[in-house]
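>>> Sequence and predicted structure below; questions after.
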Amino acid sequence: MNRWDEAQPVYAQARTLFLKQNQSSKALYAAVSEIPPDESTSVVTHILTLKRALNTPEGQDPATRLRILTILGMLETNYDASDALATWREVEKLAVSRSEVRLATRAGGEQGIAYFILGDTNTAKNKVGVLGGYRK
């Protein structure tokens, strides 16, 4: 629902609990979920942090990886559309493999936005025009 400011303390609490329970991939999921409202750090620093998180053992967990990629894509869309396009493609592929239809559909639309920013309006229209094409 994009109510990041309200969710941030909940994710911080979840991260602490997951760390105490030695559930490191869930702790990472919660930690990266705290990033969107944190404006005290530059976008570039957040992007680098997320890319490093993808290469950790915890970042290999499919649910955690998908969360990292989704947040990375959100940040990249406003920073570098080429990187965002690649990230949203990966989100779409992983979401489809996990039958997460809503996220796969969103990833397709986000790719359309990236194509638009990159000046490819025909592909952007086609990509956005196929939204809702995924079925369970």
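Now that the structure is in, tell me what you want to look at.

>>> what comes into contact with stretch 89-98?
If you take Cβ atoms under 8 Å, 6 or more residues apart in numbering as the criterion, stretch 89-98 is touched by 62-63, 65-66, 69-70, 73, 101, 103-104, 107-108, 110-111, 134. Where you see a C-beta, it was placed from the backbone N, CA and C, and this is true even at glycine.

>>> now that stretch: mean pLDDT?
Across stretch 89-98, the average pLDDT comes to 97.

>>> cool, and stretch 53-72?
pLDDT averaged over stretch 53-72 gives 97.

>>> before we move on, back to that, so which of the contacts of stretch 89-98 are in helices?
Members of the contacts of stretch 89-98 lying in helices (criterion: DSSP state H): 62-63, 65-66, 69-70, 73, 101, 103-104, 107-108, 110-111.

>>> can you redo those as TSV with distance to F18 and neighbour count?
Converted to TSV, these look like this (distance: Cβ to Cβ, whole Å; neighbours: other Cβ atoms under 10 Å):
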residue	distance to F18	neighbour count
P62	17	13
A63	13	13
R65	16	22
L66	17	20
L69	19	27
T70	19	22
G73	23	25
V101	27	15
L103	22	20
A104	26	19
A107	26	27
G108	31	23
E110	28	24
Q111	31	25
